[in-house]
Every structure is written in structure tokens, then in C-alpha cells.
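> Coordinates only, no sequence provided:
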């Protein structure tokens, strides 16, 4: 391996990281409330990373570091601090950040810029300026610049030469055969240092971590990681007749060896291991949503579909549908789509298959007319309605678009419609908001954006929401503006006043390039803003169906930033139905503490990532002193129940096994074998928990 070129930083250039208290004070005006315990841990982590990359404070110089903190612990903040030190210290060095998509790219830009003011005040040894941040493509990365681009920038063979390469959500590069992974492997020598950022580096197979270790010069850890990977494979696919204690001891021993080898290259914290920070994240508890068992008609429907598809497949049907598709167990929309496709295929089948499939389809039609709304959808919708009526927001995750569509449409029809008050009049609301959101000094184009935002605030849904918060005392048209400035949003003391929340939301929409474009387009098309007139209390962020009557229930543009900002405010849709497109890298926690895993991906990693959307610093749960509620509703008597049971047990072991928890297909899991595995993990739990703590950041000076 070629020698590692010096990075040339001096420790005094990151001295500010020794004083998190001053930084928290300096950040008051930045629009983000920092929590001292979390900031202290983030600063410690950034200091440890810099020491390793620079070879300072007695640390051996490392080509790269993997930051693998749990979801919600502020990895982006840590990496942004490291980027600013490298880029703005002394003569400056070039930093490139690879983000997975447009949403994450914009989040990186926002994160970097939020540090400008506090760093200018607290870090005099650094030359921090906004114009150092170069979003998207640049002709050449100049010294002192921080470029933010997407993963596809690397795939297109763009030059990755820089002093520090930061790769966000790098678990997407874990497989050696992906285009992104190949691009990084080809050009890894062009980056003097590499910082990998991901909460889930180990994915389904721990041995995939070796591909990431190669990027950061961590080949020395390959053998112990490979050995632990084999122990995990043995846990999930080995002989389950062995003594649990012996297998547990071997697993724990391999884990300790892997952690020791990884400790030079990997930093990892788990939320459960940070007692001083628990309060700012909020507690968590299981949210029990009771779904009745599948009734005989529902079971018969699934069995008849299975029979019809098997017969059609045996006869060479062109539809090639999965016979026991998981979507059949959680909703009827996709089931009905497959029924229609199969009906069209029937005439092309030879006898006797045509007669058998035709008979099954007739029975399916008869049963569908009896069944009506899916039992799981109805049970979940009833619980969501009850929660929303208590003033809470809810986010529901689905794995498939058809399921998300069906769930969105039913929830939108089931939730009672909010009625805007007749008095004060809409014009009085407009006058009040004009007084509250002063336009003093704004350019004309800014005034137009502000006017559009005020029209949205005057939409029926938004007025009805706000009126419910004001309804403790009569409010006249004259008193409306003062009431907006003095009343707590969602009746929650200590969070923010209604007027403050509106101003914060307007600033977020205006400062985001994509949301600003949506706000501008909404001058002519108000429906682009979720919750506008004709909008629903429920919004589906998924591919919409073909039914024009359902359009109002789904996102009207392809940029989710606007939806995220509005959901993170007290206003707008109370319920968000999303697919795993929003399962990583975004915040949904500012006014929401209820998450429902309506439909699960077979990978435990997805479940962990979803949960991290709510369990974050300064969560709504922490603010109001209530727990985050996670629900795993199961359609009893079906494949769905089995999936939920296995998933809940496996995610409990996620951190204990360093993230090396395997995904699964329900049909392949034998119950007695799964019980044996859970027994092994239970016996190894204490030792594994201790092993995982060996990857925490350390202070060396």
C-alpha cells in the first residue's frame, strides 16, 4: 500500500470542538436549537475523526474512517464539522460530499450553511464563508471548497480527486458489483482521505463491510470481520440442534475480536448506550393496534388466488404473478389488479386450465363483493382516526405503492373533514396574516411568494386547524392577529406560537430551492401545496393511482422537500402515508411521534431506518414529554402476522449483532429454528452489548 500523504492540519484549528457550550450559545440565532449532551458527543466524535485522519493526539494516521452511529444521532452534523475544518483551515483543502439523492443533497447544503455563523464566532482559526459551499457540479474543485453532489456523479466517472471525500449513506456501496461501488474502488486513490457515513454499513451480510473497509484502508480488519460474518451465517443457517450456550459464547468471542479490529477504523454509538442524551430523543414504546383475525372469506380469497395463479403459471401464463404475494395479505387493491390481469389471460389458456381458472375467478368475484374494506386497513384507520382526534400527527410506512394508495384513499375518506369557521371571514384571516408576516423590505418577487403562502394559510383545512387551537376563547376579527402571536401551536406550551411556526415554515419553504419553486408554481396551482383548498388531511407520498378522483390525496410534484417541511410544522396534513423512499436521510420528528409499519420490507435494516425518522434530537416526543409510539399491526392468521413476529425479534438484535441481522422470506423461516436463534442471542446479549460499546469515539488529549 502506498504511504499516506500528510493532511497538514494542526490541532488548534479544531480547538473549538473542546467547547461545545460556547457553540450551543452561538447557534441560538441559526434557527436550530442544539442540545448540549448531543452536541458534546458530536464534537467528541468530530475531534476523534480529525485526529485519526490527521495522525494527531497520538493516533496513527488513517486513510479513512467509517462513522456508523445509530439513525438520528447527527452523523451529518459530525461530518459537516469535519468538512469545514478540512476546507477552511489554513490554505484550505478541497472536500467532496457524495449524497444519495436530491433530497439528501439539499439537506447537506442546509447543514453546512447552518454552521457558518456559529463557526465564524467560535472558530477564529478557520476561514468559514458561505461561498465555500459549491452545490452540484463544479468545473474544478478549488482549495477551500466543499462540493456537494449525488452518488451518480461518481458513477459517471467524474473525477473524485480531493483532500477529503465524504460518502453519505455508503451502505449503497457495500456490494462489489454495484456501479457506485466500482466507481469508488476505481478512484479511491484520488482522495487523500475518506469519511464514510452510514447507520447501516453491515446490511444483510456482515462480510459486505469488507468492501467499505477497503475504501478507507481498513484491510487489517478483514479477517476478524470475515470470521464474525461466518459466525452470523452459522447462527442463521447452521445446525439448530447444538447447545445454545456454546454457540452464544463463540458468537460473542468473534464479535469481540471484530470490534477490536474495527476500532481503529470505525466509530459507532447506539442511542441505547447514551443515557445522558435519552431525554432529548424521547422515550419509545410499542403501540398496540389490534387487527382482527382474517375471516373465512378473506382466507378463501387468498387461497383461491393462489390456486388460480398456480394453474395459470403451469400453463405458461404471461402474467407471471407471484402466487403468495405479500400484498395479498395487507390490502385488496393489488389483489384486484391481479384479478383483472388474470381474467384477460384466461382466454389464452388451454383446457382444462381455462375452466379451472375461470371457476376460481367467479368465486373470487363473489367473495370480493362480500368482503369490502380490508380488515387490516379498517383496524389501522380506526386507530389513526382516534390518534389524530387527540391532536397528533401520524406517519405510516408501506413497502409497495399499491398498498400505500389503498391505505391513503381509505384514510382520507374515513377521517372526519375539518370545517373552517364562517367567522372570522377569510379576508380577516388574510389581513391578520399580513400583519403577522410583515413584508417590510421584501422585493416584489418575495412579496408574491409571501402572498401565495398566506393564501395557503387561509385555505379551509389550515384555518380549521388553527381555529381548533384558538377555540378555548372567542376570537374576534380584531383580536385574530394578536391571538396568532400569543397562542401555542397544537395547544402545546413551550414549542412555538402559531405565528412563529408559520414564520419558520415560510422560511424553510423559501430557503429550499425545490420548495421555493413549488411555492412559486403554487401562485397558479395552489393544489401543489399540501393542505391547500381541496386538500386532504391525509397525504400519500407514493406513485398515485389512475383514478382522477383520488388525485387530491397524493403528492402533486416530484419534490418531497415541501411535504417534509409542512409535515414538520403544526399545519397541513395530519397523516402521511409513505413508501421507503422516505425511510432514510430525512426528518419527520418535529410534530410527529406516532409511526405505523403498515407493511414491512423483509430487511430489518429498513425497519430500523424508518424508526429513525422520528427518534431524533429535539423530537416532538421529547418536547411534550410523551413517548414515540411504534406500531407493527399484524393481520392475524396470515403471512403478515408471521412477518411481523419475526421482524420484531430481529430488530431487537440489530445493535447487538453490530447490524449484521439477516433479512428473510417468511416461507423459509422455521419457527423452532427461529426460537433457537433467539435463545442464542439472549444468552450472548450481555457480552455482545459490551463489545458494541468498544467502537465509541474516544478523547485522547
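In hand now; what should we look at? All values reported here derive from a predicted model rather than from experimental measurement.

> residue boundaries of the strands in the stretch 551-700 of the chain?
Residue ranges of the strands in the stretch 551-700 of the chain, as given by DSSP state E, counting those that start in this stretch, are 575-578, 592-597, 628-631.

> how about those in CSV, adding mean pLDDT and distance to residue 680?
Every residue, glycine included, has its C-beta placed from N, CA and C. Shown next, in CSV, are those (pLDDT from 0 to 100; distance: least, CB to CB, whole Å):
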stretch, mean pLDDT, distance to residue 680
strand 575-578, 96, 35
strand 592-597, 97, 25
strand 628-631, 97, 25
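
> what's the most buried one of those strands?
Among the strands of the stretch 551-700 of the chain, the stretch with the highest mean neighbour count (mean count of other CB atoms under 10 Å) is strand 575-578, at a mean of 28.

> That strand pairs with which strands?
strand 393-397 (parallel), strand 538-541 (parallel) (DSSP bridges).

> quick one: which of those is nearest residue 683?
Comparing the strands paired with strand 575-578 by their distance to residue 683 (CB to CB), the top pick is strand 393-397, with 32.3 Å.

> Buried residues in the closest one, which are they?
393-397 (16 or more other CB atoms under 10 Å).

> which one of these sits closest to residue 559?
Nearest to residue 559 among those: residue 395, at 18.3 Å, using CB to CB.

> Present the strands of the stretch 551-700 of the chain as a markdown table; the columns should include distance to residue 554.
Shown next, in a markdown table, are these (distance: least, CB to CB, whole Å):
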| stretch | distance to residue 554 |
| --- | --- |
| strand 575-578 | 9 |
| strand 592-597 | 18 |
| strand 628-631 | 23 |
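
> Out of those, flag the one nearest residue 19.
Judging those by CB to CB, what sits closest to residue 19 is strand 628-631, at 31.5 Å.

> which other residues reach that closest one?
If you take CB atoms under 8 Å, 6 or more residues apart in numbering as the criterion, strand 628-631 is touched by 282-289, 380, 383, 593-597, 611, 614-615, 619, 621.

> again, 6 Å this time
282, 284, 287, 289, 593-596, 614-615, 621 (CB atoms under 6 Å, 6 or more residues apart in numbering).

> Between all of these, which two are at the greatest distance?
282 and 289 (20.0 Å).

> The two: which is more packed in?
residue 282 (23 against 19; other CB atoms under 10 Å).

> ok, and the closest non-adjacent residue to that one?
Of all residues not flanking residue 282 in the chain, residue 621 sits nearest, at 3.0 Å (CB to CB, 6 or more residues apart in numbering).

> State the number of residues packed around the one you found.
23.

> and it, what pLDDT?
Here the pLDDT value assigned to residue 621 is 92.

> cool, residue 700 as well?
66.

> and if you look at residue 654?
Looking at residue 654, the pLDDT reads 69.

> For the longest helix belonging to the chain, what is the distance to the chain centroid?
Longest helix in the chain, counting residues (DSSP state H): helix 671-692. Relative to its chain's centre, helix 671-692 lies at 27 Å (CA atoms, centre = their mean, to the nearest Å).

> Which neighbouring elements make contact with that helix?
For helix 671-692, the elements it packs on are helix 244-262, judged by 3 or more CB pairs under 6 Å, 6 or more residues apart in numbering; DSSP states H and E.

> got the angle between the helix it packs on and helix 671-692?
40 degrees (axes from the mean of the first three to the mean of the last three CA atoms, to 10 degrees).

> what residues does helix 244-262 touch?
Residues contacting helix 244-262 (CB under 6 Å, 6+ apart): 221, 224-225, 227-228, 231, 679-680, 683-684, 687-688, 691, 694.

> Selecting buried members of those residues in ChimeraX, what would you type?
Remark: buried members of those, expressed as a ChimeraX selection using 16+ other CB under 10 Å:
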select :221,224,225,227,228,231,680,683,684,687,688,691,694
